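Visitor: Sequence first, then the predicted structure:
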Amino acid sequence: MTQSTTNDTAIIIPARDEADRIAACLTALAGQMSGRVRVVLVVNNTVDDTGAVAQRVAAQHRIDLDLLTVDLPPDQGVGLARRIGCAHARRQMPGLRFLLTTDADCIVTPNWVVRNIAHLQSADLVCGRIDVIAQEAAILDKMDRVAATREGEYRRLVQQVFSRYAAGCADIDGTHGDAAGASLALRATCYDAVGGFEPIRCGEDRQIARACRASGYLVRHADDVVVHASCRLTGRAAGGMSEALTLRTTGTDYFIDDSLPEAERLIQYVASGTLPTWPPCVPGSDRVHVRGLPRNINLLKEFLGEGSSDRPKAQAV
């Protein structure tokens with residue numbers, strides 16, 4: 001018997017003071033709406049008219065929209081907002097199979113929904129690729145290109161280490177490797193099994209990816225699932241993309257992404273068999289400063305034997 005697709009997909013979008021951006025976010029989804037898709041917009045701690053704008057756009061484009069308005073405690077944030085939206089979808093959509101999430105300052109590509117659902121036929125969690133909104137990309141010219149290139153190179157090397165030596169991570173080599181709330185899609189059964197999004201201020205996206213891998217679920221970093229994110233420097237979530245861009249466009253005195261441990265620590269993890277799953281959460285004391293990238297890059301290149309054709313690739317655990 002064919003499984004019904006009526007209202008089986010929910011798109012969860014947290015929003016705080018996003019009146020200027022929510023129209024573009026929802027309009028990008030308009031052409032992808034069908035009888036199977038419902039948007040759950042979680043407007044939280046907001047003083048502008050985000051909700052009213054969203055309702056107008058939804059009516060104009062016939063978007064099936066559930067608008068939730070909540071006030072979160074000061075110590076909570078986007079993690080709890082996503083969790084509230086997912087819980088609402090689970091209650092209101094008995095046939096729910098797929099949970100997708102993006103951010104209110106993002107614009108999804110025209111095939112975002114269909115590509116996510118296609119991947120979810122064989123994967124449990126799909127992590128999409130995050131590009132920037134083209135009209136805002138000029139801000140990236142302020143970045144130190146040498147530092148940015150080095151950080152990208154170091155990410156590639158770190159992912160190779162995890163691909164070779166971390167359990168269940170063989171797939172991440174050569175992918176974007178990210179797990180950003182701007183583009184995540186899960187099977188509802190997987191979401192329930194790992195306990196959902198943690199009600200934390202930030203980092204709930206990478207946390208659920210770690211939980212899925214640790215529980216044996218198939219996580220896929222899909223390069224054909226794409227979202228364009230804003231390049232604004234004043235964001236809504238501590239530790240989010242805006243903060244990262246601010247640090248990288250105002251100098252070279254910062255620590256790189258907290259999913260990239262220092263090389264010596266990684267090598268120790270491998271030697272002791274204690275390498276965590278991907279993506280790790282690196283404590284402040286172990287984070288790599290941008291000025292330390294050349295040394296860390298060289299250490300990992302030596303460890304991985306780059307350029308050596310006779311070094312066997314370790315089998316995935």
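Guide: Great, that's in hand.
Visitor: The residue nearest in space to the middle of the chain in helix, strand or coil?
Guide: Of all residues in the chain, the one closest to the mean position by Cα atoms, centre = their mean is Ala180, 0.9 Å from it. Under DSSP: H, G, I helix; E, B strand; the rest coil, Ala180 falls in the coil class.
Visitor: how much space between it and Leu299?
Guide: According to Cβ to Cβ, to the nearest Å, Ala180 and Leu299 sit 27 Å apart. Any C-beta I mention is one placed from the backbone N, CA and C, and that applies to glycine too.
Visitor: Flag every buried residue along the biggest helix by length in the chain.
Guide: For the chain, the longest helix by residue count, based on DSSP state H, is helix 145-165. In terms of neighbour count (16 or more other Cβ atoms under 10 Å), helix 145-165 has its buried residues at 147, 150-151, 153-155, 157-165.
Visitor: ok, now stretch 64-80?
Guide: Going by 16+ other Cβ under 10 Å, stretch 64-80 has these buried residues: 64-68, 72, 76-80.
Visitor: from what I can see the residue nearest to the centre of the chain touches Glu204, true?
Guide: No: with contact defined as Cβ atoms under 8 Å, Ala180 does not count as touching Glu204 (10.7 Å).
Visitor: Assign a three-state SS to the residue lying closest to Thr69 once chain neighbours are set aside, would you?
Guide: Closest residue in space to Thr69, ignoring its immediate chain neighbours: Val43 at 5.0 Å, by Cβ to Cβ, 6 or more residues apart in numbering. The three-state label given to Val43 by three-state DSSP is strand.
Visitor: what's the answer for the one 3 residues further on, then?
Guide: Assigned with three-state DSSP, Thr46 falls in the coil class.
Visitor: Got the confidence number for it?
Guide: Per-residue pLDDT puts Thr46 at 95.
Visitor: any idea how far it lies from Asn111?
Guide: Where Asn111 is concerned, Thr46 sits at a distance of 30 Å (Cβ to Cβ).
Visitor: ok, those two, which is more surrounded?
Guide: Thr46 (17 against 14; other Cβ atoms under 10 Å).
Visitor: okay but the more buried one is in contact with Ala15, surely?
Guide: Yes: here Thr46 lies in contact with Ala15, judged by Cβ under 8 Å, at a distance of 7.1 Å.
Visitor: so what's Met143 up against?
Guide: Applying Cβ atoms under 8 Å, 6 or more residues apart in numbering to Met143 gives the contacts 248-249.
Visitor: try Asn45
Guide: Counting by Cβ under 8 Å, 6+ apart, the residues that Asn45 touches are 16, 70-72.
Visitor: change it to 10 Å
Guide: 15-17, 69-74, 76-77, 81, 236 (Cβ atoms under 10 Å, 6 or more residues apart in numbering).
Visitor: residue boundaries of the helices in the chain?
Guide: 22-30, 50-61, 78-92, 112-119, 145-165, 188-193, 204-214, 241-249, 263-272, 293-304.
Visitor: any low-confidence regions in the stretch 201-317 of the chain?
Guide: 233-242, 307-317 (pLDDT under 70).
Visitor: wait, isn't Gly31 in contact with Pro110?
Guide: Yes: with contacts counted by Cβ atoms under 10 Å, Gly31 reaches Pro110, the gap being 6.2 Å.
Visitor: still on that earlier bit, which residues are common contacts for Ala180 and Glu204?
Guide: With Cβ under 10 Å, 6+ apart, Ala180 and Glu204 have common neighbours Thr101.
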